[in-house]
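Asker: Below are the sequence and a predicted model; questions follow.
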Number of protein chains: 2
Amino acid sequence: MKKLIIASNNAHKIKEIKAILEEFPVEVMSLKDAGIAIDVVEDGSTFMENALKKAIEIFAISGDAMVLSDDSGLIVDALDGAPGVFSARFAGEHGNDKKNNEKLLKLLEGKPIDERKAHFVSAIVLILREDKIIKVQGEVEGYIKKEPSGSSGFGYDPLFYYPEYNKTFGELSEKEKNSISHRARALEKLKEELKRSNI
Amino acid sequence: MKKLIIASNNAHKIKEIKAILEEFPVEVMSLKDAGIAIDVVEDGSTFMENALKKAIEIFAISGDAMVLSDDSGLIVDALDGAPGVFSARFAGEHGNDKKNNEKLLKLLEGKPIDERKAHFVSAIVLILREDKIIKVQGEVEGYIKKEPSGSSGFGYDPLFYYPEYNKTFGELSEKEKNSISHRARALEKLKEELKRSNI
């Protein structure tokens, strides 16, 4: 079975991607599984730029495996798009999910719910071979709650309120999240592309 | 007369700020005028963070002068907030206004006008003295045209279409731009704050 390396060491992301690609006849592996230790600098100004950079750098050393990369983050309208590509390091290089969430809440302090609109973005790049690169992007819209709720998922999930389910992403089951998340939507598009190009 | 150092070496910005603060009884000077050569790394995730960082670093070496800093940029909704805090270096560290504009057009290629909504943001910080810091932000909404028009202003001005005037910012006279721009709006708020705090 053909190998597919996920260009990430984020265990949460890898788990989500593996679950969504389950039906797909490839051996999905993390960077660690593939024995690749490389730190790609994510200095792009868009999610897609970062995803592309990661995929290309990993593909260059991946042997004959395919490479899938995801760059994702949260866009808050009232913060002019922040945290954006800084989502993972919003509270600085030594921050973590908790500090990032706290910073976000502080910046939105006092704002009513209609000024807390946000969306998650996932930009995914799949390199099948040198001359076959697929790019897709998925998004999901919601609001930033005034306090965290739920402990599932990761990142900003406990603050991201999804009105259709009346829950935050932190309150969704894995299955629920993987049916409507930005990453799930990007991966759905990817699957369609793969079917269309008959690979 | 009290000195006010503008924490910038961007001649266009300094000119705009000087024009808007004309009525104000301070001696406005650029970093160069003040004999300050310092390169503040703008690595914040929001405009305000960058403005604050610049102002604080310059204030620390400014003697008894006040310091005003501006961090500004363009937010394009369809690009999830990009170029955002990367506005000045969107096409890379060796880019320029022309390359940045070209990159923006390329990313929006094929999109109809209603998917080209954008706004300029200017975050301004004024440090009057160590314990008196004023922060304001101004915004102006428009659309990204399909081709540049006009040669006034700088940055993304030739692409930024302002419907109320049926012109791009690049087609506005200095006086027109300084009456409605993001920077003008931030500076208006700043002037109100100054009056209110009776300084």
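Answerer: Sure thing, it's come through.
Asker: for chain A, longest helix please?
Answerer: When chain A is parsed with DSSP state H, its longest helix is helix A:182-196.
Asker: What residues of it count as buried?
Answerer: A:182-187, A:189-190 (16 or more other CB atoms under 10 Å in any protein chain shown). The way it works is simple: take the backbone N, C-alpha and C, and place the C-beta from them, glycine included.
Asker: Same check on stretch A:132-150?
Answerer: Quick answer for stretch A:132-150 (16+ other CB under 10 Å): A:134-140, A:142-146, A:148-150.
Asker: Next: stretch A:80-100.
Answerer: A:80-91, A:97, A:100.
Asker: Which pair of the residues you listed spans the longest distance?
Answerer: The distance between the two most remote of those (CB to CB) is 22.2 Å, for A:D80 and A:D97.
Asker: what does the average pLDDT come to for stretch A:126-142?
Answerer: Regarding stretch A:126-142, the rounded mean pLDDT is 95.
Asker: Would you mind writing the CA trace of it as CSV?
Answerer: Extracted in CSV, the C-alpha atoms of stretch A:126-142 (Å, rounded to 0.1, in the frame of the first residue of the first chain):
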residue,chain,number,x,y,z
LEU,A,126,-1.3,16.9,-1.0
ILE,A,127,1.7,16.1,-3.1
LEU,A,128,1.1,12.8,-5.0
ARG,A,129,4.2,13.1,-7.1
GLU,A,130,6.4,15.9,-8.3
ASP,A,131,4.1,17.1,-11.0
LYS,A,132,0.8,16.5,-9.1
ILE,A,133,0.0,18.8,-6.3
ILE,A,134,-3.6,19.2,-5.0
LYS,A,135,-4.5,22.3,-2.9
VAL,A,136,-7.8,22.6,-1.0
GLN,A,137,-9.2,24.8,1.7
GLY,A,138,-12.0,24.3,4.2
GLU,A,139,-13.7,26.7,6.5
VAL,A,140,-16.3,26.7,9.3
GLU,A,141,-18.0,29.7,10.8
GLY,A,142,-18.8,30.4,14.4
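Asker: Centre-most residue in chain A?
Answerer: A:S72 (3.6 Å; CA atoms, centre = their mean).
Asker: I'd say it and A:V125 touch.
Answerer: No: using CB atoms under 8 Å, A:S72 makes no contact with A:V125, being 11.9 Å away.
Asker: quick one: which of the buried residues of stretch A:80-100 is nearest B:N9?
Answerer: B:N9 lies nearest to A:D80 out of those, by CB to CB, at 23.6 Å.
Asker: right, and that closest one touches B:G44 too?
Answerer: No: in this structure A:D80 lies outside contact range of B:G44 using CB under 8 Å: 12.0 Å.
Asker: quick one: the residue in chain A positioned nearest to chain B from B:G84, how far?
Answerer: Scanning chain A for the residue nearest chain B gives A:G81, at 1.7 Å (criterion: CB to the nearest CB). Between A:G81 and B:G84 the computed distance is 5 Å (CB to CB, to the nearest Å).
Asker: Which residues are in contact with each of those two?
Answerer: Shared contacts of A:G81 and B:G84 (CB atoms under 8 Å, 6 or more residues apart in numbering or on different chains): B:I75.
Asker: List the buried residues of stretch A:5-23.
Answerer: Neighbour counts over stretch A:5-23 (16+ other CB under 10 Å) mark A:5-8, A:10, A:13-14, A:16-17, A:20-21 as buried.
Asker: can you count the residues close to A:Y161?
Answerer: Residues lying near A:Y161 (other CB atoms under 10 Å in any protein chain shown) number 21.
Asker: In contact with it, which residues?
Answerer: A:142-145, A:149, A:167-168.
Asker: May I ask which two of those residues are separated the most?
Answerer: A:I144 and A:K167 (14.0 Å).
Asker: the helices in chain A, which residues?
Answerer: Under the criterion DSSP H, helices of chain A are mapped to A:11-20, A:47-59, A:97-107, A:174-180, A:182-196.
Asker: for the first one, packing partners?
Answerer: Meaning helix A:11-20. strand A:3-6, strand A:27-30, strand A:66-76, helix A:174-180, helix A:182-196 (3 or more CB pairs under 8 Å, 6 or more residues apart in numbering or on different chains; DSSP states H and E).
Asker: taking the mean pLDDT, what do you get for the first one?
Answerer: On average, the pLDDT along strand A:3-6 is 94.
Asker: Ok, the last one next?
Answerer: For helix A:182-196, the mean pLDDT works out to 91.
Asker: for it, packing partners?
Answerer: Where contact means 3+ CB pairs under 8 Å, 6+ apart, helix A:182-196 is packed against helix A:11-20, strand A:66-76, strand A:117-129, strand A:132-144.
Asker: residues making contact with that helix?
Answerer: So helix A:182-196 is contacted by A:13, A:16-17, A:20-21, A:24, A:70, A:72, A:119-124, A:126, A:134, A:136-140, A:177-178 (CB under 8 Å, 6+ apart).
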